[in-house]
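Colleague: Predicted structure and sequence below. I'll ask about it afterward.
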Amino acid sequence: MSRKSPSPHVSGSTNSSVELLLAEQVPSLGLPGDLVRVKPGFARNYLIPQGLATVATEENRQAVEKHRARLLELQAAAAKELQGFADQLSSHSVTIEANANEEGQLYGSVNQVDISRSLVEAGYEITAEQVILTGVLKELGMYTVGVRLNEHIETEIKVWVVPSAEDLAEGEE
């Protein structure tokens, strides 16, 4: 009794490897459009059914190239939009009121969460993880703080740490 394989026949296969064309990025294997050699079981059971790869025919190579070009266009458009947002953000400054002593030392500190909260209140959706500080801010003054929007785009904003209105009122008495 012969057993038939339910998987599609992968042309160009040998007992040891199969040549496929990646349709999507596969970690530790390659990027879309890359020609890779993998074990037949990996191709048959994972890559092809998940739509991550296809048999390496000329027609499929052209389709994957077209797909890769479209992805690059989309990435470039997203990067351009994000750079515009970075430029807009860099012209914004944040003012944070904090309790401080007469020498300007803060009783607490200003950290990424405080800066992020101020940016969100101003209409910029920036998380605390995107704010880059080398340490917490412990004195009154003006600071330049980095904001990382993605792995390739960073910008800087001005952060003003000023005495709270209560401290100013007490100082005038």
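Modeller: In hand now; what should we look at?
Colleague: contacting residues for V145?
Modeller: Taking CB atoms under 8 Å, 6 or more residues apart in numbering as the criterion, V145 is in contact with 115, 131-133, 156-159. Where C-beta positions appear, they are placed from N, C-alpha and C, glycine not excepted.
Colleague: Check those residues for burial and list the buried ones.
Modeller: With burial judged by 16 or more other CB atoms under 10 Å, the buried subset of those is 115, 131, 157, 159.
Colleague: If we ignore the residues flanking it in sequence, what's nearest the first one?
Modeller: By the measure of CB to CB, 6 or more residues apart in numbering, the closest residue to I115 outside its immediate chain neighbours is V131, 4.9 Å from it.
Colleague: picking that back up, for the buried ones among the contacts of V145, which one is nearest A100?
Modeller: Distances from the buried ones among the contacts of V145 to A100 were compared by CB to CB; the smallest belongs to V159, at 14.7 Å.
Colleague: Secondary structure element holding that closest one?
Modeller: Secondary structure here is read from DSSP states H and E; on that basis V159 sits in strand 154-163.
Colleague: can you pull the contacts of the residue nearest to I115?
Modeller: Taking CB under 8 Å, 6+ apart, one finds 112, 115-116, 119, 145-147 in contact with V131.
Colleague: Buried among those? Need that as a selection in PyMOL.
Modeller: Once 16+ other CB under 10 Å is used to decide burial, the buried members of these can be selected in PyMOL as follows:
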select buried, resi 112+115+116+119+145+147
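Colleague: The contacts of V131 in strands, which ones?
Modeller: Cross-referencing those with the strands (criterion: DSSP state E) gives 145-147 as the overlap.
Colleague: Output those as TSV; include the columns pLDDT.
Modeller: TSV is the format used below for these (pLDDT from 0 to 100):
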residue	pLDDT
V145	93
G146	94
V147	94
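Colleague: closest to T54 among those residues?
Modeller: Comparing the ones in strands among the contacts of V131 against T54 with CB to CB places V147 closest, at 40.2 Å.
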